[in-house]
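Q: My questions are about this predicted structure, shown below with the sequence.
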Amino acid sequence: MAIATVFFDFDGVLSPPKAGTAFTCEFLAAQTGLPYDALRAAFEPHRLALARGQVTRDETWPLVCRDVGRDIPRELLTRAFEATPLDRAMFAFASSIGRRVKVGIITDNPKDRMDVVRRTLWLDRVFAPIVVSAEEGGTKDEPLIFRRAIEAAGVPAESAVFIDNVQENVDVARSVGLHGIYFDDDQRDLAALARELLALGVS
């Protein structure tokens, strides 16, 4: 069956930092002078629940501030989300593919972060659907989000490809029937990715 949709992961693929939480904490550490390790330790207890949509930022942010011993303005967190970098070459590559097949995003992320990132980086101009774990109630370590993604795209699993920088996530996508491609986020070899897609009939 011909490929109709190519799904990209966000953090580590479209955005060079491997993890959104790490980048956010680096930004906040630079802006506040708080130790990075203290920020990561404060974020970590809430990371998965936020990604699964089980709690909201309004519920967890006071706890983060309590644990770092400072009332960090929410506006600063929003600025951290707005500063999320985009791999321009990868974005251009996805845009090019999008002239021939549908391109989408499947990402493990809190809703508030992805809302800001989508708006700041104009992701909806290129990608549809954008499937966010917090909105689906499940992360990429289980099949649910991939089933929801192909439903949203309106395509059978065997006509979709998923690209991710975590092999385990690729394996879960394959278990649902999607084609999976592992992308090495250290090498960031776009030419190799293009060859793998070409082998599946996507040019």
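A: Happy to help now that I have it.
Q: quick one, what contacts the spatially closest residue to Val117 that is not a sequence neighbour?
A: The shortest distance from Val117 to any non-neighbouring residue, by Cβ to Cβ, 6 or more residues apart in numbering, is to Thr84 (5.3 Å). Where you see a C-beta, it was placed from the backbone N, CA and C, and this is true even at glycine. Contact analysis of Thr84 by Cβ atoms under 8 Å, 6 or more residues apart in numbering lists 15, 17, 20, 23, 113, 117, 120-121.
Q: Let me know the secondary structure of Val55.
A: Three-state assignment for Val55 (DSSP: H, G, I helix; E, B strand; the rest coil): coil.
Q: Sorry, slip of the keys, the one I care about is Gly180.
A: Here Gly180 is recorded as strand under three-state DSSP.
Q: residues in contact with the closest residue in space to it that isn't next to it in sequence?
A: Distances taken as Cβ to Cβ, 6+ apart place Val170 nearest to Gly180, at 3.8 Å, with adjacent residues excluded. By Cβ under 8 Å, 6+ apart, the contact list for Val170 reads 162, 164, 180-182.
Q: what about the longest helix seen in the chain, distance to the chain center?
A: When the chain is parsed with DSSP state H, its longest helix is helix 36-51. Chain-centre distance of helix 36-51: 17 Å, with Cα atoms, centre = their mean, to the nearest Å.
Q: re the thing from before, in terms of helices and strands, where is the residue nearest to Gly180?
A: Using DSSP states H and E, Val170 falls within helix 167-176.
Q: The longest helix of the chain - contacts with which helices or strands?
A: Judged by 3 or more Cβ pairs under 8 Å, 6 or more residues apart in numbering; DSSP states H and E, helix 36-51 is in contact with helix 20-32, helix 57-68, helix 133-136.
Q: For those helices, give me CSV that also has mean pLDDT, distance to Glu196 and mean neighbour count.
A: As requested, the helices and strands packed on helix 36-51 are arranged in CSV below (pLDDT from 0 to 100; distance: least, Cβ to Cβ, whole Å; neighbours: other Cβ atoms under 10 Å):
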stretch, mean pLDDT, distance to Glu196, mean neighbour count
helix 20-32, 97, 25, 18
helix 57-68, 98, 36, 15
helix 133-136, 98, 25, 21
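Q: what's the closest of those to Ala38?
A: Minimum separation from Ala38 across the helices and strands packed on helix 36-51 (Cβ to Cβ) falls at helix 57-68, 5.4 Å.
Q: got the angle between the closest one and helix 20-32?
A: Here helix 57-68 runs at an angle of 60 degrees relative to helix 20-32 (axes from the mean of the first three to the mean of the last three Cα atoms, to 10 degrees).
Q: next helix or strand past helix 57-68?
A: Per DSSP H and E, the first helix or strand lying C-terminal to helix 57-68 is helix 74-82.
Q: in that next one, what's buried?
A: Applying a neighbour-count criterion of 16 or more other Cβ atoms under 10 Å, one finds 77, 80-81 buried in helix 74-82.
Q: And the following helix or strand past it, what does it pack against?
A: Per DSSP H and E, the first helix or strand lying C-terminal to helix 74-82 is helix 88-97. Packed against helix 88-97 by the contact rule (3+ Cβ pairs under 8 Å, 6+ apart) you find strand 5-8, strand 102-107, helix 190-199.
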